[in-house]
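Asks: sequence and predicted structure are below.
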Amino acid sequence: MSDAPVVSADDVSVHFTDSGGLFDLFSEDETVRAVDGISLDIGENDVVTLIGESGCGKSTLGKALIGAQRPTSGSVKYRGQDVWEAKDGRNPEIPFSEIRRSLQIIHQDPGSALNPNQRLLTSLMLPMKKWNPELGRERRKERIFALLEKVGLSPAEDFVNRFPHQLSGGEQQRVVLVRSLLLNPDLILADEAISALDVSLRVEMMDLMLELQDLFGTSYLFISHDLSNARYIAEKSGGRIAVMYLGQIVEIGPIEQVIENPQHPYTKALKWATPNLYGDEGEEELPVREIDIPDPVNRPTGCHFHPRCPEARETCRAQEPDLITTDGGRLARCYRADDTHEYWNSPSIVDDEGELR
Ligand SMILES: Nc1ncnc2c1ncn2[C@@H]1O[C@H](COP(=O)(O)OP(=O)(O)OP(=O)(O)O)[C@@H](O)[C@H]1O
């Protein structure tokens, strides 16, 4: 088990079914495939950044990976231990409490993560008491103070006696980060953790998180809807970028491939929509045919991106592509990634006006 990835998702799906309700007896069940057959390994000291439009399933996937959302099908393992087997107490080698300690989450709103009625010292001591009972009070305090200083909340003596409302949003987020790190986690899910901060503070916070990642050897799963932040993190950490679309990963790999040379038309569109990501180069026209995301309950047949894709051909409407391995370990869910695929002989379904035939 020791060589197993920190977290390993195998063909994970999370579906939400809205069964209408009492006043809606005649409506059909509506199933949203928030996550649809995703496999992803996160290793030791690994950084993965998940990007995609609102509602594409980023948070649901993140929660499934840290054991906070039960998959409808597929498995999530922590160091080889099935997370839900552990949660259900089915003779796990690693107990669920240990998994929960190891897989931490930082949300967008740090205010809601901190108890408004507790001084910071109390908030930070509580988890340490639980997880480090062998340390005396003084050693625990020492650790807390050292870490607060490390994240720039200095002098720590001043901060520990404050209540959350006496801190700025950026300071609160640092406290939440400290609280996670005190538990010595293996993986931190940072779900839009910097989105609510002033633009000027975002780079500082990303730098801090990556510096601590180095120091503690923690792996990160960053979730961001902002490609420039995702690029910054992937570039600095050397980690992977994963692009999600309607519950699936459509492209994943290192930044040089995914962002500098995107293979999937959806990644190209995201790149286009992020002004000044790489100077002024690039196409003038938005490389998608439709702005709107399709209804996640009734996803298009074949490749789910085909109604928006300027490169769509008959094959794309008829069959759903798998993730295809391309250069340098990048995976792309697009027939164009395979030079020999029948896609290339299939007629285009986009006419000269850009309308679907
Ligand atoms: N508990 C739930 N019950 C029903 N539907 C849900 C639930 N959680 C998420 N969904 C649906 O699943 C889909 C994916 O949601 P999710 O929050 O994972 O997306 P996201 O990419 O993180 O979006 P955002 O960036 O807006 O947070 C959406 O259509 C959402 O409405």
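Replies: In hand now; what should we look at?
Asks: which of the residues in the longest helix anywhere in the chain are buried?
Replies: The residue-count maximum for a helix in the chain (DSSP state H) belongs to helix 199-216. By neighbour count on 16 or more other C-beta atoms under 10 Å, the buried set for helix 199-216 is 201, 202, 205, 206, 208, 209, 210, 212, 213, 216. Quick note: C-beta positions are derived from backbone N, CA and C, even for glycine.
Asks: which strands or helices does it pack on?
Replies: helix 169-182, strand 219-224, helix 227-237 (3 or more C-beta pairs under 8 Å, 6 or more residues apart in numbering; DSSP states H and E).
Asks: the first one packs against which elements?
Replies: In this structure, helix 169-182 makes packing contacts with strand 103-106, helix 110-113, helix 120-131, helix 137-150, helix 199-216, judged by 3+ C-beta pairs under 8 Å, 6+ apart.
Asks: make CSV out of the ones you listed and add distance to the ligand.
Replies: Output for the helices and strands packed on helix 169-182, formatted as CSV (distance: least, C-beta to the nearest ligand atom, whole Å):
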stretch, distance to the ligand
strand 103-106, 13
helix 110-113, 15
helix 120-131, 26
helix 137-150, 29
helix 199-216, 16
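Asks: follow-up on the earlier one: put the alpha carbons of the longest helix of the chain into CSV.
Replies: Taking Å, rounded to 0.1, in the frame of the first residue of the first chain, the C-alpha atoms of helix 199-216 are listed here in CSV:
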residue,chain,number,x,y,z
VAL,A,199,-6.5,40.7,-6.9
SER,A,200,-3.4,42.2,-5.3
LEU,A,201,-3.3,39.5,-2.6
ARG,A,202,-3.9,36.5,-4.9
VAL,A,203,-0.4,36.1,-6.1
GLU,A,204,0.9,36.5,-2.6
MET,A,205,-1.4,33.8,-1.3
MET,A,206,-0.6,31.4,-4.2
ASP,A,207,3.1,32.0,-3.5
LEU,A,208,2.6,31.3,0.1
MET,A,209,0.7,28.1,-0.5
LEU,A,210,3.3,26.8,-2.9
GLU,A,211,6.1,27.7,-0.5
LEU,A,212,4.4,25.8,2.3
GLN,A,213,3.7,22.9,-0.1
ASP,A,214,7.5,22.6,-0.6
LEU,A,215,8.2,22.8,3.1
PHE,A,216,5.6,20.3,4.2
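Asks: let's have the helices and strands packed on helix 169-182 in CSV, adding mean pLDDT.
Replies: Listed next are these as CSV, based on pLDDT from 0 to 100:
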stretch, mean pLDDT
strand 103-106, 94
helix 110-113, 84
helix 120-131, 90
helix 137-150, 91
helix 199-216, 86
